[in-house]
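> Give me a 3D structure for the following:
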Amino acid sequence: MRQLFASTPLHEQVDAMHDFVQEEFPSIQAIHGGEIGYNATILEESRDEELTMDWDDVRPIRMLLVEDDELTGDALKDMLEERGVVVDLVVSAEEAWERINPDLFDVVVTDIRLPEMSGVGLLGQIRKKMPEFPVILLTGYDSIEPAIEALKLGAQDYILKPIEEPDVVYLPVEKAVSHYRLRQRNRLLEMELIRAEEQERRQLASDLHDSVGQSMAMVKMGLDALAQGVSCVESSDELDGVRKLVVETIKQIRSLIFQVCPPSLYELGLAAALDGLSDHIQEAHGIQVHFDDAGDPAALSHEMQIFMFRAARELVLNAVKHANAKEVRMVLEERRCNVTVEVADDGVGFDIDRKLGDRSASNDGGFGLFAIRRRLKAFGGRIDVASKDGQGTTVTISVPQV
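Numbering: from 1, shown residues only. Down below sits the predicted model:
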């Protein structure tokens, strides 16, 4: 190979190689975070946040207590503080709504009957903003029907007044907070897993570029140079055939790099990445893939955008590989403080109960429906599937905007 470039100065060879790789593998620039450098690296910066598992286990419960009756409120506050709970007492739902902050409080305990906005109304406000935040209701009603209705709206528990023993309040509060903290820790672990997976993907993309990609680029340059000095038609045809094979291999490498580590996901966000995915799947598999963007979810963390992209890609590939679909539609939108991605196809459909209950639904052990559902649960999200044999499938995944 060196003989082919013997007449070219070394610095010109390096510059030519650098320009060629940037032309053949433009997506690598985004993966590296800019123009390709000879010693570029793609390793992410160390994360700023730290896992707080040990601290959660020992830190006292911080409660926002909403009670308009002064005597009842003070008595409850004294009871709970004797058990080590840090209690902030307010007298109205409006004041509670102004002060509530998951960084400052672990739970809201509120009377149902309040002067203006009721405790149930406060619960509704909290659920719109913080779907999983613990809320426990106090009721002195002769009937517990309002409290039961509040449970249907997402309250963790209800407590009947009058309250004479601190454990009547403390035990359900401790249980609700423990479950909430456990879900938060699980979410942090899932985020850590996503970061680790993406770092491995980006490293793999870089390795593909630095080793296989550059080697194939060198081979193509060598073949081009060799072809210029060949006069025999037969040899020229053989070289041309090899050159076409190399060009096709370069295209496959570029495609693989996109699948492993799509640059638009890191540079432009989820909407742009899904748009690029629709084009890529359409070109690679020859089916119609449409993408509708009803609003880019800027409020989603980078890790959540990565998860939503990976999940959407898996759903589209399922439609291509297993549903024999001719047309697929993806829709990204915001719904009631949630970000949703809907993937609908016109394929053969399937039995929902069997598929969602089967942990081996993805034959290659990949990111199948079971894995999507498991991770969504950790994120406080959900998956909805509508499918019938012969009538296509619609899968909607949603996560809170947090």
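> contacts for stretch 93-100?
64, 66, 88, 90, 108, 110, 114, 116-119, 121-122, 125-126, 130, 133 (Cβ atoms under 8 Å, 6 or more residues apart in numbering). Where you see a C-beta, it was placed from the backbone N, CA and C, and this is true even at glycine.
> For the residue nearest to Gly84 when sequence neighbours are not counted, give its distance to Leu332.
Distances taken as Cβ to Cβ, 6 or more residues apart in numbering place Pro60 nearest to Gly84, at 5.2 Å, with adjacent residues excluded. Separation of Pro60 from Leu332 (Cβ to Cβ, to the nearest Å): 41 Å.
> For burial, what's the neighbour tally of the nearest residue to Phe307 once chain neighbours are set aside?
Nearest-residue entry for Phe307: Ile194, 5.9 Å, with adjacent residues in sequence omitted and distances by Cβ to Cβ, 6+ apart. Residues lying near Ile194 (other Cβ atoms under 10 Å) number 20.
> Please apply the same query to Lys128.
10.
> And Glu198, by the same measure?
The burial count for Glu198: 20, using other Cβ under 10 Å.
> Surely it forms part of a helix?
Yes: counting by DSSP: H, G, I helix; E, B strand; the rest coil, Glu198 falls inside a helix.
> Ramachandran angles for Thr110?
Main-chain torsions, Thr110, degrees, to the nearest 10: phi -130, psi 140.
> for it, what are its contacts?
Per Cβ under 8 Å, 6+ apart, neighbours of Thr110: Leu65, Val66, Glu67, Ala93, Ala96, Gly119, Leu122, Leu123, Val135, Ile136, Leu137, Leu138.
> Please report how far the nearest residue to it once chain neighbours are set aside lies from Ile112.
Distance criterion Cβ to Cβ, 6+ apart; nearest residue to Thr110, sequence neighbours excluded, is Val66 at 3.7 Å. Going from Val66 to Ile112 by Cβ to Cβ gives 10 Å.
> Show me which of these two is the more surrounded one.
Applying other Cβ under 10 Å to Val66 and Ile112 shows that Val66 carries more neighbours, namely 30 against 23.
> what do Val66 and Ile112 both touch?
Joint contacts of Val66 and Ile112 (Cβ under 8 Å, 6+ apart) are Gly119.
> helix/strand/coil for Phe133?
coil.
> Ok, Glu174 next?
helix.
> Are we agreed that Leu137 is in a strand?
Yes: assessed by three-state DSSP, Leu137 belongs to a strand.
> Which strand residues bridge it?
On the basis of DSSP bridges, Leu137 is bridged to Thr110, Tyr158.
> As a check, name the ranges of all strands in the stretch 101-250 of the chain.
107-111, 135-139, 157-160 (DSSP state E, counting those that start in this stretch).
> domains of the protein?
With automatic domain parsing as the criterion, the domains of the chain are listed as 53-186, 262-402.
> Can you lay out the ones you listed as a markdown table showing distance to Leu239 and mean pLDDT?
Below are the domains of the chain laid out as a markdown table (distance: least, Cβ to Cβ, whole Å; pLDDT from 0 to 100):
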| stretch | distance to Leu239 | mean pLDDT |
| --- | --- | --- |
| domain 53-186 | 58 | 88 |
| domain 262-402 | 28 | 80 |
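> could I get the ones you listed as JSON lines with distance to Glu198?
Formatted as JSON lines, the domains of the chain follow (distance: least, Cβ to Cβ, whole Å):
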{"stretch": "domain 53-186", "distance to Glu198": "19"}
{"stretch": "domain 262-402", "distance to Glu198": "6"}
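> Of these, which is nearest Ala217?
The minimum distance between Ala217 and the domains of the chain falls on domain 262-402, with 18.4 Å, by Cβ to Cβ.
> Show the contacting residues for Ala75.
With Cβ under 8 Å, 6+ apart, Ala75 has these contacts: Ile163.
> Could you tell me the angle between the host helix or strand of it and strand 107-111?
Using DSSP states H and E, Ala75 falls within helix 70-82. With axes from the mean of the first three to the mean of the last three Cα atoms, to 10 degrees applied, the angle from helix 70-82 to strand 107-111 works out at 150 degrees.
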